[in-house]
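Colleague: Just the structure for this:
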Amino acid sequence: MNISLIESRLNYLHKAVLFSLIISYIFYSCEYGKSTEGDIQDYQIQEIHFSIDSTISKESNTIQYFEAENNRYLIVFNKPTNEIIWYDFDKGTLDKKTKLYTQGPNNIGKPYGIHIKSMDSIFVLSSATYNLALINREGELLQNYKLFQGELDFTGRPKGADNSIKPILQSTNPLLILSDSIVALAGLPDVNPLNTDFYDSKVYIKLNLNSGSIDYQIPYPKRYQGKLWGLYHSFPYHTYNSNTGKAVISFPASKKVYLTDFQEIDSISVPSQNVEEPAYWKDPEANGFKMMKFFISTPSFYRIEYDPYRKLYYRFSQSPSSADLSKVDISQISVFNSKNTYISILDEDFNLLQELPLPKKYDPRFILIAPNGLFIVKENQNEDRLTFAVFNFKNED
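Modeller: Below you'll find the predicted structure:
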């Protein structure tokens, strides 16, 4: 399930690298945390398989667990066919498909990511045109929302783009449903990431569904500001705790997590015994390849997920690659699975309960939280099925 990609505009380096990262954030391997004993496979309780055919790609940037009308679904955005695939979660079989139209009266633009709020409230992001569409289960367009202020210029960027945010919608950055009328999306500043003023910008778009008005919120942490980090250390990742009504945001270069209701923001330092905060990038001759090398050779924090059934958080992080980067062609190696990944199991107060390595056969880009456990995609050699390993971590408190 390799996330596909790239709308490259070389005049803005970050666009080429931005979508390469958004669509290919591949994190595979791991090691241990609170103790160095144990094995994540000790917590695996089952494997679940979903049947796929030749028209359905394992490459997707969006999967989602969804319940409605007494049914449970695995939702997959199938980019090659511009379709939303609805699997029966309990049977592992195809239930239905929703076509995403890119022409005609139901045109929603080039779909980039999706989020299912209800059977007939489906959000589809066209990142290239800064548009969030609302459709029903038949793919019929209900509403378009503009995610920028002003107008687009001839390049397709908002006029005055130095003040705009390029929106993201994928499994690692789902749509935040803050209320019936308010949603929020993560994004990246629409400026060159090789400049330190990149981090003076905000990284979330708050959208009022009733009025269509937007507001840019949530700045980068103070440790980012005035320094150079490179694009790979710049993506915000988040989850939502409906019990507290707050989003929890994880930045790659900060051990802290940031809690916000989009009115106020607090931070909590989250311990890890394997991953430290990286130092900032000091290279005065920064470029794209050096940016990749910097990321590979430094630790980083990745996605965070809240499990409402077990009242736990799962935070993924990475230690530096052990490869000798002086002896490899940086353009020929994976930026991401050359690093080692860890999963931290945290209680609701963000105390570290355990930290475990995740072998390469598990892919933490693709995660579902369901009543019966934490689902992580597992590699298999069968092209006709998609496999999840199911883990059950218990909060002993």
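Colleague: So which residues of the stretch 1-150 of the chain form strands?
Modeller: Here the stretch 1-150 of the chain has its strands, by DSSP state E, counting those that start in this stretch, at 44-51, 63-68, 71-78, 83-88, 93-99, 113-118, 121-126, 131-135, 141-146.
Colleague: how about the ones you listed in a markdown table, adding distance to W229 and mean pLDDT?
Modeller: The C-beta positions use only the backbone N, C-alpha and C, and glycine is treated the same way. Formatted as a markdown table, these follow (distance: least, Cβ to Cβ, whole Å; pLDDT from 0 to 100):
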| stretch | distance to W229 | mean pLDDT |
| --- | --- | --- |
| strand 44-51 | 35 | 92 |
| strand 63-68 | 29 | 96 |
| strand 71-78 | 29 | 95 |
| strand 83-88 | 35 | 96 |
| strand 93-99 | 38 | 95 |
| strand 113-118 | 24 | 96 |
| strand 121-126 | 25 | 97 |
| strand 131-135 | 28 | 97 |
| strand 141-146 | 30 | 96 |
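Colleague: can you tell which of the ones you listed is closest to I205?
Modeller: Nearest to I205, of all these, is strand 131-135, at 8.9 Å by Cβ to Cβ.
Colleague: relative to strand 141-146, how tilted is the closest one?
Modeller: 160 degrees (axes from the mean of the first three to the mean of the last three Cα atoms, to 10 degrees).
Colleague: and strand 131-135, how far from the chain's centre?
Modeller: In terms of Cα atoms, centre = their mean, to the nearest Å, the centre of strand 131-135 is found 19 Å from the chain centre.
Colleague: Check stretch 261-270 too.
Modeller: That offset, for stretch 261-270, works out to 19 Å (Cα atoms, centre = their mean).
Colleague: That stretch: which residues count as buried?
Modeller: 262, 265, 270 (16 or more other Cβ atoms under 10 Å).
Colleague: could you give the mean pLDDT of stretch 356-373?
Modeller: Stretch 356-373 comes out with an average pLDDT of 91.
Colleague: follow-up on the earlier one: and the strands of the stretch 1-150 of the chain as JSON lines, adding distance to F366 and mean neighbour count?
Modeller: Listed next are the strands of the stretch 1-150 of the chain as JSON lines, based on distance: least, Cβ to Cβ, whole Å; neighbours: other Cβ atoms under 10 Å:
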{"stretch": "strand 44-51", "distance to F366": "12", "mean neighbour count": "15"}
{"stretch": "strand 63-68", "distance to F366": "6", "mean neighbour count": "16"}
{"stretch": "strand 71-78", "distance to F366": "10", "mean neighbour count": "21"}
{"stretch": "strand 83-88", "distance to F366": "14", "mean neighbour count": "21"}
{"stretch": "strand 93-99", "distance to F366": "18", "mean neighbour count": "15"}
{"stretch": "strand 113-118", "distance to F366": "13", "mean neighbour count": "21"}
{"stretch": "strand 121-126", "distance to F366": "18", "mean neighbour count": "24"}
{"stretch": "strand 131-135", "distance to F366": "23", "mean neighbour count": "22"}
{"stretch": "strand 141-146", "distance to F366": "27", "mean neighbour count": "16"}
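Colleague: could you redo those as TSV and give each row distance to K227?
Modeller: Shown next, in TSV, are the strands of the stretch 1-150 of the chain (distance: least, Cβ to Cβ, whole Å):
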stretch	distance to K227
strand 44-51	40
strand 63-68	34
strand 71-78	35
strand 83-88	40
strand 93-99	44
strand 113-118	29
strand 121-126	30
strand 131-135	32
strand 141-146	33
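Colleague: Compare those and give me the one nearest L353.
Modeller: Using Cβ to Cβ, the nearest of these to L353 is strand 44-51, at 17.3 Å.
Colleague: for stretch 268-288, which positions count as buried?
Modeller: 270, 272, 274-275, 277-278, 280-281, 286, 288.
Colleague: Now do the contacts for the most centrally placed residue in the chain.
Modeller: Centroid-nearest residue in the chain, with Cα atoms, centre = their mean: T172, separated by 1.8 Å. T172 is in contact with 25, 237, 302-303, 365, counting by Cβ atoms under 8 Å, 6 or more residues apart in numbering.
Colleague: burial count for M119?
Modeller: Neighbour count for M119, taken as other Cβ atoms under 10 Å: 15.
Colleague: for F316, which residues make a bridge with it?
Modeller: Counting by DSSP bridges, F316 forms beta bridges with I343.
Colleague: Tell me which of the strands of the stretch 1-150 of the chain approaches I249 most closely.
Modeller: strand 113-118 (17.1 Å).
Colleague: strand partners of that closest one, parallel vs antiparallel please.
Modeller: Strand 113-118 has these strand partners (DSSP bridges): strand 121-126 (antiparallel).
Colleague: Can you list the residue ranges for helices in the chain?
Modeller: For the chain, helices defined by DSSP state H occupy the ranges 13-24, 288-296.
Colleague: Those helices: lowest mean pLDDT?
Modeller: helix 13-24 (a mean of 37).
Colleague: list the contacts for A133?
Modeller: By Cβ under 8 Å, 6+ apart, the neighbours of A133 are 108-109, 123-126, 141, 143-145.
Colleague: neighbours around the closest residue to Y112 other than its chain neighbours, how many?
Modeller: Leaving aside its chain neighbours, Y112 sits nearest to S127 (4.2 Å; criterion: Cβ to Cβ, 6 or more residues apart in numbering). Neighbourhood size, S127 [other Cβ under 10 Å]: 24.
Colleague: how much space between S127 and V203?
Modeller: Computed as Cβ to Cβ, to the nearest Å, the S127 to V203 distance reads 14 Å.
Colleague: cool, and F301?
Modeller: Distance of F301 to V203, given as Cβ to Cβ: 15 Å.
Colleague: of the contacts of A133, closest to H233?
Modeller: Closest approach to H233 among the contacts of A133 (Cβ to Cβ): L125, at 23.1 Å.
Colleague: residues touching that closest one, list them.
Modeller: Listed by Cβ under 8 Å, 6+ apart, the contact set of L125 reads 111-114, 131-133, 167-169, 185.
Colleague: neighbour count winner among F301 and V203?
Modeller: Neighbour totals were compared for F301 and V203, and F301 leads with 26 against 23 (other Cβ under 10 Å).
Colleague: I'd like to know the beta-bridge partner residues of the more buried one.
Modeller: Assessed by DSSP bridges, F301 has beta-bridge partners S317.
Colleague: Sweet, I'm off.
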